[in-house]
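build the 3D model from these lines:
(one chain, ligands or ions: 1)
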Amino acid sequence: MFKGLKDTWKHVWFILTYPKIGPDMYFTHWLLFFKPFRIWFQKRKIGYIGKNSEIRPYCVIIGTKNISIGNNVTIPPGTMLIANPGAPEARIIIEDDVLFGPNNAVYCSTHKYDNPALPIQAQGYISKTTLIRSGSWIGINAVIMPGITIGRNAVVGANSVVTKDVPDYAVVAGAPARILKYTNEIKDDGSR
Ligand SMILES: CC(C)(COP(=O)(O)OP(=O)(O)OC[C@H]1O[C@@H](n2cnc3c(N)ncnc32)[C@H](O)[C@@H]1OP(=O)(O)O)[C@@H](O)C(=O)NCCC(=O)NCCS
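Here you go, the predicted model:
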């Protein structure tokens, strides 16, 4: 009986204090549905969040204190921003005016897997800062790998897996994502 109560309290404490936002954190997730509560909650939970930015219900954010979100950014349902609470030096930085489609996954950690004598879950992590620069657009279902920089006003196509840095103004797509074009390129006829 006592053990059951202790376990329940441990679970409640985890949900209230672990640096995570998600539908499974049920004591707090409902706050995202109501604007005044959402504004209070997202400011309290996220490392930094700017003006006119919104964390929508049904996204998952882990390592909330390692995450910085600029102004005018909406994190839509299905988005996963996965930082590592054990590696506060590795952050996810999202600058101003970034446009996210739904169901993106942005990571800043990956599992080590090079020791064949150990299960991979026992080998630890490598964590790197992932940066999404201002004005860029990340299409639906994209995956952005740890340590990647997405340049200013860059476009990431739907379903892309981004494994290399994306230059400013580049349009990339595919798995792995390849550069299709640059939006600031001047064509032979003088147009962009
Ligand atoms: C990347 C994107 C912006 C490119 O659009 P575009 O400039 O009109 O480019 P095009 O459609 O002319 O495609 C150019 C080439 O890239 C390919 N391509 C385009 N998008 C692609 C994608 N997501 N994955 C793989 N290849 C893609 C096209 O097949 C075409 O290849 P081809 O030259 O061999 O025929 C667009 O395709 C895209 O993915 N938009 C995201 C939409 C989205 O997620 N919306 C919801 C979120 S708000």
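
quick check, distance from stretch 89-106 to the centre of its chain.
Offset of stretch 89-106 from its chain centre (C-alpha atoms, centre = their mean, to the nearest Å): 5 Å.

contact partners for residue 137?
Residue 137 makes contact with 98-99, 101, 154-156, according to C-beta atoms under 8 Å, 6 or more residues apart in numbering. Every C-beta, even on glycine, is put in place using the N, C-alpha and C of the backbone.

in helices, which of those residues appear?
Among these, none falls in helices (DSSP state H).

so which of those wins on neighbours?
residue 156 (28 neighbours; other C-beta atoms under 10 Å).

so what pairs up with that one in the strands?
residue 138, residue 172 (DSSP bridges).

from the ligand, how far off is it?
Distance, residue 156 to the ligand, using C-beta to the nearest ligand atom, to the nearest Å: 7 Å.

cool, residue 85 as well?
Taking C-beta to the nearest ligand atom, one finds residue 85 at 29 Å from the ligand.

which bits of this structure sit near the ligand?
101, 139-140, 155, 157-160, 171, 173-174, 180 (C-beta under 6 Å from any ligand atom).

let's have these in CSV, adding pLDDT and distance to residue 55.
As requested, the residues of the chain next to the ligand are exported to CSV (pLDDT from 0 to 100; distance: C-beta to C-beta, whole Å):
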residue, pLDDT, distance to residue 55
101, 97, 16
139, 98, 20
140, 97, 18
155, 98, 23
157, 98, 24
158, 98, 22
159, 98, 24
160, 98, 23
171, 98, 27
173, 98, 27
174, 98, 29
180, 97, 31
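
any of those buried? List them.
Buried subset of these (neighbour count, 16 or more other C-beta atoms under 10 Å): 101, 139-140, 155, 157, 160, 171, 173.

show me the two of those residues that sit farthest apart.
140 and 171 (15.2 Å; C-beta to C-beta).

so which strand or helix has residue 141?
Assigned by DSSP states H and E, residue 141 belongs to neither a helix nor a strand.

so who does the residue positioned nearest the centre of the chain touch?
The residue lying closest to the centre of the chain (C-alpha atoms, centre = their mean) is residue 81, at 2.4 Å. Residues in contact with residue 81 (C-beta under 8 Å, 6+ apart) are 59-62, 67, 75, 92, 94, 106.
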